[in-house]
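Engineer: Let's see this in three dimensions:
(2 chains)
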Amino acid sequence: GIQVEQSPPDLILQEGANSTLRCNFSDSVNNLQWFHQNPWGQLINLFYIPSGTKQNGRLSATTVATERYSLLYISSSQTTDSGVYFCAVLIKAAGNKLTFGGGTRVLVKP
Amino acid sequence: GAVVSQHPSWVICKSGTSVKIECRSLDFQATTMFWYRQFPKQSLMLMATSNEGSKATYEQGVEKDKFLINHASLTLSTLTVTSAHPEDSSFYICSATSGNLYNEQFFGPGTRLTVL
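Structural biologist: As a prediction, the model looks like this:
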């Protein structure tokens, strides 16, 4: 089956620090999304990025499809960035469904 | 745009009763809706995929008679947990997409079910 691995599993940051979250996947993807799950459980769409680079404010993401990984960059972290970050991939050959990684739990301390 | 709502946001019920959860796409037509389940401190697991007007496709290990899914319109899908038991207690999340299946999925806020 599809393997989606996220690292690190846990991350503690001081407010203002930068960080990089990684997502490795086992096959060519047709869709890759990054989400932030807030403390109330809501999944917030951050990026739809099957390939290339995108930026949105303090967040940016890069997917290198040929090497089967994606990176999420958080710059100048704020306490509101705390939560769990998930990447999810959709692989056509595996049935057209999103498969989630295990998540990275981020805590930003003031 | 691309807002998905769920109702209720939380529900407590007695063992043996049935619970219905609604998922609505508020500002787009959802050709496909998905239902996920999430246990505490775990990732999301897909339960089923539903297309408007057709039967849902369930993932391996998910009981279709236990978790009834109806996708009656392009903006509404429902999940009914029948004869609920404490082990069905979980966080249920729906998502929706329009167009082809590779398009971005948008998620509802989730429903926390507690079965006593």
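
Engineer: Does the residue nearest to B:Thr57 when sequence neighbours are not counted belong to a helix, a strand or coil?
Structural biologist: Nearest non-adjacent residue to B:Thr57, counting by CB to CB, 6 or more residues apart in numbering or on different chains: B:Thr49, 4.7 Å away. From N, CA and C alone the C-beta is placed, and that goes for glycine too. Put simply, B:Thr49 is strand when judged by DSSP: H, G, I helix; E, B strand; the rest coil.

Engineer: Now for B:Thr49: which residues touch it?
Structural biologist: Contact partners of B:Thr49, counting by CB atoms under 8 Å, 6 or more residues apart in numbering or on different chains, are A:Asn96, A:Lys97, B:Thr32, B:Met33, B:Phe34, B:Ala56, B:Thr57.

Engineer: at 10 Å instead, please
Structural biologist: A:95-98, B:32-35, B:56-59, B:69, B:71, B:95, B:101 (CB atoms under 10 Å, 6 or more residues apart in numbering or on different chains).

Engineer: which parts of chain A sit against chain B?
Structural biologist: A:4, A:6, A:29-31, A:33, A:35, A:37-38, A:40-45, A:47-50, A:84, A:86, A:88, A:90, A:92, A:95-103, A:105 (CB under 10 Å from any CB of the partner chain).

Engineer: Filter those down to just the ones in strands.
Structural biologist: Using DSSP state E, A:4, A:6, A:31, A:33, A:35, A:37, A:43-45, A:47-48, A:84, A:86, A:88, A:90, A:98-100, A:105 are the members of these that sit in strands.

Engineer: In strands only, show me the contacts of B:Thr49.
Structural biologist: Counting by DSSP E, the part of the contacts of B:Thr49 found in strands is A:Leu98, B:Thr32, B:Met33, B:Phe34, B:Trp35, B:Thr57, B:Tyr58, B:Ile69, B:His71, B:Ser95.

Engineer: Just give the number of residues close to the closest residue in space to the third one that isn't next to it in sequence.
Structural biologist: The reference is to B:Met33. Spatial nearest neighbour of B:Met33, excluding adjacent residues (CB to CB, 6+ apart): B:Ser77 at 4.0 Å. B:Ser77 has 30 neighbouring residues, counting by other CB atoms under 10 Å in any protein chain shown.

Engineer: my guess is B:Ser77 meets B:Lys20, correct?
Structural biologist: No. Using CB atoms under 10 Å, B:Ser77 is not in contact with B:Lys20; the gap is 11.1 Å.

Engineer: returning to that earlier point: any idea what the residue nearest to B:Thr57 is bridged to?
Structural biologist: On the basis of DSSP bridges, B:Thr49 is bridged to B:Phe34, B:Thr57.

Engineer: Repeat that for A:Ser7.
Structural biologist: Beta-bridge pairing of A:Ser7, defined through DSSP bridges, involves A:Arg22.

Engineer: same thing with B:Gln6?
Structural biologist: With DSSP bridges as the rule, B:Gln6 is bridged to B:Cys23.

Engineer: Next, count neighbours for it.
Structural biologist: 19.
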